[in-house]
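*Asks:* The amino acid sequence is not available; the structure is as follows:
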């Protein structure tokens with residue numbers, strides 16, 4: 001049987017791979033020679049298998065279809081696929097008899113029900129591992145942004161620093177490193193470039209003196225010899241505009257449309273940054289502004305399932321009204337009547353009230369969360385430190401018995417006995433170290449963010465200064481499965497907002513005083529209705 005050996009790593013960066021390309025080829029050749037495997041070609045690819053579209057993999061599949069080989073030889077089954085499309089392709093090729101075997105150093109998958117079943121499980125596990133890694137990275141990025149740390153390469157004028165406070169990666173220059181270390185202070189993870197930073201300040205000062213065109217700005221940056229630190233090329237007008245619009249220079253971080261407060265030192269002030277934006281607006285060509293509908297495409301029609309879209313109607317009096325109606329893309333007329341924007345706004349406001357918590361409850365919950373998670377973080381850090389201390393003790397003991405053996409103070413049998421005992425202890429500690437995670441603050445940050453949203457979301461939604469996009473984001477953060485049916489809006493509350501909403505219903509049903517509110521406040525006006533109460537009772541009656 002003829003095989004094609006497929007070797008892959010996720011990227012071109014060898015420092016991120018557990019087993020390099022050369023090592024995979026070397027091991028596969030050794031195994032092929034040992035087991036008499038007829039490998040007709042070794043193909044190499046440096047690309048992630050998380051999504052379909054790998055050119056070398058596709059070429060290998062075509063070669064197999066042409067009959068150049070009947071089997072695939074690979075270091076691990078996950079090297080072939082981490083997505084359901086490529087995995088399904090391989091199973092189909094087996095069904096068709098084009099692939100008779102997929103072989104790894106540990107096992108061989110043949111064209112039978114059991115092997116294809118286990119191969120599908122392996123592909124599914126690889127997909128799950130990739131999804132978990134992606135979710136962890138996103139969560140970690142969110143935690144870093146919440147702490148004021150940037151999650152990628154900093155813009156020109158700044159430098160990324162390693163945990164040991166050396167300039168990171170290819171940006172390292174000895175002159176800049178020496179200048180930073182001569183400052184006589186503790187360095188940060190993001191530092192202002194000691195050479196390009198002052199030049200960027202010069203560029204911003206020049207731009208603020210009068211409105212400038214992007215072409216003039218690019219020419220001035222070239223005059224200051226400000227070039228891309230990565231590619232060493234002069235900046236064009238599009239990159240200059242990105243620099244001028246980047247709030248990073250004012251101490252803020254813009255990530256996916258959301259601003260975060262950075263802990264790095266700013267090069268310009270917030271007022272100066274706003275002045276730059278005003279200059280940019282003045283130089284921009286006037287464009288027609290499209291009206292944004294807050295609830296457009298957020299909800300589905302409960303009658304036919306199509307999206308709800310917004311529209312504006314002008315009455316003969318000249319007054320404009322906003323409506324939300326079914327998009328009717330199915331061609332059939334929809335039975336649902338349009339809803340006015342005011343009515344939709346009123347219902348959505350009521351939904352936000354259902355998950356609102358008052359200030360007393362908010363402060364109490366945040367205090368409890370901080371106490372609980374701080375204690376958990378402290379215990380986890382202590383456990384990790386204890387394991388690390390024990391590991392160092394075992395390492396010292398290993399060094400000690402080795403010295404004693406070399407000095408003939410221990411016989412070989414005594415040395416091996418003590419060494420094996422210590423190695424078992426080290427393995428046990430290593431396993432314990434893997435199970436003990438370092439204190440992680442992201443759970444505390446996410447919990448505090450939840451309570452903040454439950455407290456502020458209602459007021460923020462009512463704030464006339466809140467943008468349409470921010471309102472949409474607030475709605476998506478607490479609700480899902482939005483539907484408009486019979487001139488009403490229904491949705492499901494996301495976890496854990498559903499707990500507050502359910503508690504709200506229970507409080508309304510039994511008529512008990514609200515948590516954190518006294519009876520006098522419960523009988524106040526509509527503007528002071530506490531957060532557990534959704535509205536006026538359907539059967540009002542006087543108290544006994």
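*Replies:* Perfect, thanks for sending it. Every value quoted in this text rests on a predicted model; they were computed, and no experiment measured them.
*Asks:* for the closest residue to residue 75 other than its chain neighbours, what are its contacts?
*Replies:* Leaving out its chain neighbours, the residue that sits closest to residue 75 by C-beta to C-beta, 6 or more residues apart in numbering is residue 24, at 4.8 Å. To be clear about C-beta, it is placed using only N, CA and C from the backbone, and glycine gets the same treatment. Listed by C-beta atoms under 8 Å, 6 or more residues apart in numbering, the contact set of residue 24 reads 7, 9, 75.
*Asks:* The last one is in contact with residue 106, isn't it?
*Replies:* Spelled out, that is residue 75. No: the pair residue 75 / residue 106 is not scored as a contact, 9.7 Å apart, by C-beta atoms under 8 Å.
*Asks:* Who has more neighbours out of those two?
*Replies:* Neighbour count, other C-beta atoms under 10 Å: between residue 75 and residue 106, residue 75 has more, with 22 against 8.
*Asks:* Just give the number of residues close to the residue nearest to residue 10 when sequence neighbours are not counted.
*Replies:* Using C-beta to C-beta, 6+ apart and skipping the chain neighbours, the partner closest in space to residue 10 is residue 48 (4.8 Å). Residue 48 has 15 neighbouring residues, counting by other C-beta under 10 Å.
*Asks:* residue contacts, the closest residue in space to residue 341 that isn't next to it in sequence?
*Replies:* In space, and not counting its chain neighbours, residue 341 is closest to residue 322: 3.2 Å by C-beta to C-beta, 6+ apart. Under the criterion of C-beta under 8 Å, 6+ apart, the neighbours of residue 322 are 293, 310-312, 340-342.
*Asks:* What of residue 74?
*Replies:* 5-7, 28, 80, 102-104 are the contacts of residue 74 under C-beta under 8 Å, 6+ apart.
*Asks:* swap the cut-off to 6 Å and go again
*Replies:* 6, 80, 104 (C-beta atoms under 6 Å, 6 or more residues apart in numbering).
*Asks:* Going through those residues, which ones are buried?
*Replies:* 6, 80, 104 (16 or more other C-beta atoms under 10 Å).
*Asks:* will you turn these into JSON lines that also has pLDDT and distance to residue 458?
*Replies:* Converted to JSON lines, the buried ones among the contacts of residue 74 look like this (pLDDT from 0 to 100; distance: C-beta to C-beta, whole Å):
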{"residue": "6", "pLDDT": "90", "distance to residue 458": "56"}
{"residue": "80", "pLDDT": "85", "distance to residue 458": "51"}
{"residue": "104", "pLDDT": "89", "distance to residue 458": "56"}
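*Asks:* Could you list the single helix or strand in the chain with the lowest mean pLDDT?
*Replies:* Here the helix or strand of the chain ranked lowest by mean pLDDT, DSSP states H and E is helix 519-522, holding a mean of 41.
*Asks:* quick one on the thing from earlier: find the pair from the contacts of residue 322 with maximum spatial separation.
*Replies:* Across the contacts of residue 322, no pair lies farther apart than 311 and 342, at 14.3 Å, counting by C-beta to C-beta.
*Asks:* Compare those two (neighbour count), which wins?
*Replies:* Taking other C-beta under 10 Å, residue 311 and residue 342 do not tie; residue 311 has more neighbours (14 against 11).
*Asks:* So the chain: which segments form each domain?
*Replies:* Here the domain parsing of the chain from automatic domain parsing is 2-141, 158-283, 289-538.
*Asks:* where among those domains is the average confidence lowest?
*Replies:* Mean pLDDT per stretch puts domain 289-538 lowest among the domains of the chain, at a mean of 71.
*Asks:* next one: that one to chain centre, how far?
*Replies:* 15 Å (C-alpha atoms, centre = their mean, to the nearest Å).
*Asks:* The residue nearest to residue 341 belongs to a helix?
*Replies:* No: using DSSP: H, G, I helix; E, B strand; the rest coil, the assignment for residue 322 is strand, not a helix.
*Asks:* Quick check: residue 336 touching residue 305?
*Replies:* No: the pair residue 336 / residue 305 is not scored as a contact, 10.9 Å apart, by C-beta atoms under 6 Å.
*Asks:* who has more neighbours, these two?
*Replies:* residue 336 (18 against 12).
*Asks:* Helix or strand for the more buried one, just tell me which one.
*Replies:* Per DSSP states H and E, residue 336 falls between elements, in no helix or strand.
*Asks:* which residues does it contact?
*Replies:* Taking C-beta under 6 Å, 6+ apart as the test, what residue 336 contacts is 301, 303, 326.
*Asks:* Quickly note the distance from the last one to residue 333.
*Replies:* As defined by C-beta to C-beta, to the nearest Å, residue 326 lies at a distance of 9 Å from residue 333.
*Asks:* Ok, residue 387 next?
*Replies:* Note on residue 387: its distance to residue 333, by C-beta to C-beta, is 69 Å.
*Asks:* quick one: which of these two has more around it?
*Replies:* A direct count of neighbours by other C-beta under 10 Å for residue 387 and residue 333 places residue 387 higher, at 19 against 8.
*Asks:* Residue 470 belongs to a helix, doesn't it?
*Replies:* Yes: assessed by three-state DSSP, residue 470 belongs to a helix.
*Asks:* Name all residues that make contact with it.
*Replies:* So residue 470 contacts nothing (C-beta under 6 Å, 6+ apart).
*Asks:* residues near residue 414, how many?
*Replies:* For residue 414, using other C-beta under 10 Å, the count is 13.
*Asks:* next structured bit after the strand or helix carrying the residue nearest to residue 75?
*Replies:* Assigned by DSSP H and E, residue 24 belongs to helix 21-35. Downstream of helix 21-35, the first helix or strand assigned by DSSP H and E is strand 38-46.
*Asks:* Please identify the pairing partners of that next one and their relative orientation?
*Replies:* strand 2-9 (parallel) (DSSP bridges).
*Asks:* tilt between the strand it pairs with and helix 21-35?
*Replies:* Inter-element angle recorded for strand 2-9 and helix 21-35: 150 degrees (by axes from the mean of the first three to the mean of the last three C-alpha atoms, to 10 degrees).
*Asks:* to the chain's geometric centre, what's the distance from strand 2-9?
*Replies:* The answer for strand 2-9 is 33 Å, by C-alpha atoms, centre = their mean.
*Asks:* what's that strand in contact with?
*Replies:* 17, 21, 24-25, 28, 37-46, 60, 69-74, 79.
*Asks:* will you turn the buried ones among the contacts of residue 74 into JSON lines that also has distance to residue 426?
*Replies:* Below are the buried ones among the contacts of residue 74 laid out as JSON lines (distance: C-beta to C-beta, whole Å):
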{"residue": "6", "distance to residue 426": "37"}
{"residue": "80", "distance to residue 426": "35"}
{"residue": "104", "distance to residue 426": "30"}
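*Asks:* Out of the contacts of residue 336, which comes closest to residue 426?
*Replies:* residue 301 (63.9 Å).
*Asks:* how close does the nearest residue to the closest one once chain neighbours are set aside get to residue 351?
*Replies:* Nearest-residue entry for residue 301: residue 326, 4.0 Å, with adjacent residues in sequence omitted and distances by C-beta to C-beta, 6+ apart. Distance of residue 326 to residue 351, computed by C-beta to C-beta: 20 Å.
*Asks:* for residue 491, same thing?
*Replies:* 7 Å.
*Asks:* how about the strands of the stretch 1-150 of the chain, start to end?
*Replies:* When secondary structure is read from DSSP state E, counting those that start in this stretch, the stretch 1-150 of the chain shows strands at 2-9, 38-46, 71-74, 101-103, 108-110.
*Asks:* right, so of those, which gets closest to residue 361?
*Replies:* strand 2-9 (51.4 Å).
*Asks:* Buried ones in stretch 467-475, by neighbour count?
*Replies:* 470-472, 474-475.
*Asks:* Residue 404: which of those residues is nearest?
*Replies:* residue 474 (68.2 Å).
*Asks:* Enumerate every residue touching that closest one.
*Replies:* So residue 474 contacts 457, 461 (C-beta under 6 Å, 6+ apart).
*Asks:* rerun that using 8 Å as the cut-off
*Replies:* So residue 474 contacts 352, 453, 457, 460-461, 466 (C-beta under 8 Å, 6+ apart).
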